[in-house]
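1. need a 3D model of the following:
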Amino acid sequence: MKPRGALDAFDAALKTLAQRAATEDGFASELYAALCNMQWRHPQQSELVSMSWRCAGGEVADLAGRGEDYLDYYCSGNEGTVSRRVGEAMAALGWTPVPWPD
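-> Here you go, the predicted model:
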């Protein structure tokens with residue numbers, strides 16, 4: 001389990017993307033894909049943060065606020081892909097993707 005500090009900071013960063021997840025076409029799906037099969041690093045955190053696919057689906061469903069649940073995103077495709085706009089949004093919050101080793 002990761003230290004709460006890193007998880008809390010990551011959760012706080014994701015919450016700032018709720019408006020985009022709710023209103024921008026495709027952003028929620030892109031965010032889900034970026035949270036799966038990916039670790040995230042922030043320079044002020046000592047640990048990498050990652051999520052299970054189920055957790056990522058639930059997080060994105062909550063952020064989008066459209067009454068969805070994790071199954072609306074789970075295994076929907078492109079898992080592990082960080083789109084340009086999600087990458088830029090996360091970078092603006094200080095988070096960079098770190099692929100899992102092969």
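
2. can you count the residues close to residue 5?
-> Residue 5: 13 surrounding residues under other Cβ atoms under 10 Å. From N, CA and C alone the C-beta is placed, and that goes for glycine too.

3. quick one: pLDDT of the residue nearest the centre of the chain?
-> Nearest to the mean C-alpha position of the chain, counting by Cα atoms, centre = their mean, stands residue 35 at 3.7 Å. The model reports residue 35 with a pLDDT of 98.

4. same check on the one 3 residues further on?
-> Among the per-residue scores, residue 38 shows a pLDDT of 98.

5. burial of residue 74, as a residue count?
-> Around residue 74 there are 19 residues (other Cβ under 10 Å).

6. contact partners for it?
-> 53-54, 57 (Cβ atoms under 8 Å, 6 or more residues apart in numbering).

7. so how far is residue 67 from the nearest residue to residue 79 once chain neighbours are set aside?
-> Excluding its sequence neighbours, the residue lying closest to residue 79 (Cβ to Cβ, 6 or more residues apart in numbering) is residue 36, at 3.7 Å. The spacing between residue 36 and residue 67, counted by Cβ to Cβ, to the nearest Å, is 22 Å.
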